[in-house]
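Visitor: need a 3D model of the following:
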Amino acid sequence: MPPRPLHRWKSFWFGVLVFSFLGWSWMASIEKPGGIAIGTPVLEAGMAYTGGSMVLFSSGPPGSFGIGLFSYPMAPEPTWFPSGIEAQYSRSHGVSETTHGTLPSGAQTISISCGFSSTHCHVRVAHWLLIPFFLLIWSGFLFYRYRRTERRAAGA
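Guide: Sure, this is the predicted structure:
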């Protein structure tokens, strides 16, 4: 029994969906940048598209629970073919503060704000580089899967 035709594979249609999303996000990144982020008290991570590029980012505390869509800042000059790959990592440290105050009753209060460490990392990949890379990986996977099912069908 020969293997099923390519257009009946779930992996083929999933790849078509991903390819369509990448094409849409390339066009949308030129017109109106945006993205999605997921936040927890420990980490915030997300994906954005802006200026012909896709940006994956994460940042450390402080944070809060949440998920949402947002408008990402536009790249200085949006272009169809921006530079290939850019990565950035930064870390900042908060300062501890101690404040003294007096309540109306005359009692002394001390408020201590602890320091924090915050990290931010983002990787920007141009769509013109991302789409051919995806097509190469996807077509390689489909070829491997076809050969495997063809061998299995011939051996049975």
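
Visitor: the helix or strand hosting residue 57 pairs with which strands, parallel or anti?
Guide: Element membership of residue 57 [criterion: DSSP states H and E] is strand 53-59. With DSSP bridges as the test, strand 53-59 is paired with strand 44-50 (antiparallel), strand 117-126 (antiparallel).

Visitor: using JSON lines, lay out those together with mean neighbour count, distance to residue 69 and mean pLDDT.
Guide: For the C-beta atoms, the positions are set from N, CA and C on the backbone; glycine is no exception. Listed next are those as JSON lines, based on neighbours: other Cβ atoms under 10 Å; distance: least, Cβ to Cβ, whole Å; pLDDT from 0 to 100:
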{"stretch": "strand 44-50", "mean neighbour count": "20", "distance to residue 69": "10", "mean pLDDT": "82"}
{"stretch": "strand 117-126", "mean neighbour count": "16", "distance to residue 69": "18", "mean pLDDT": "75"}
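
Visitor: which residues touch residue 26?
Guide: Contact partners of residue 26, counting by Cβ atoms under 8 Å, 6 or more residues apart in numbering, are 49, 52, 127, 128, 131.

Visitor: kindly recompute the last result at 10 Å.
Guide: 49, 52, 53, 54, 80, 126, 127, 128, 130, 131 (Cβ atoms under 10 Å, 6 or more residues apart in numbering).

Visitor: and residue 129, by the same measure?
Guide: 53, 54, 81, 82, 83, 84, 85.

Visitor: for residue 54, see how far away it is.
Guide: 10 Å (Cβ to Cβ, to the nearest Å).

Visitor: residue 9 now?
Guide: Taking Cβ to Cβ, one finds residue 9 at 26 Å from residue 54.

Visitor: more neighbours, those two?
Guide: Using other Cβ atoms under 10 Å as the criterion, residue 9 and residue 54 rank with residue 54 on top: 21 against 16.

Visitor: just want the angle from the lengthiest helix in the chain to strand 44-50.
Guide: For the chain, the longest helix by residue count, based on DSSP state H, is helix 127-155. Angle of helix 127-155 versus strand 44-50, following axes from the mean of the first three to the mean of the last three Cα atoms, to 10 degrees, is 110 degrees.
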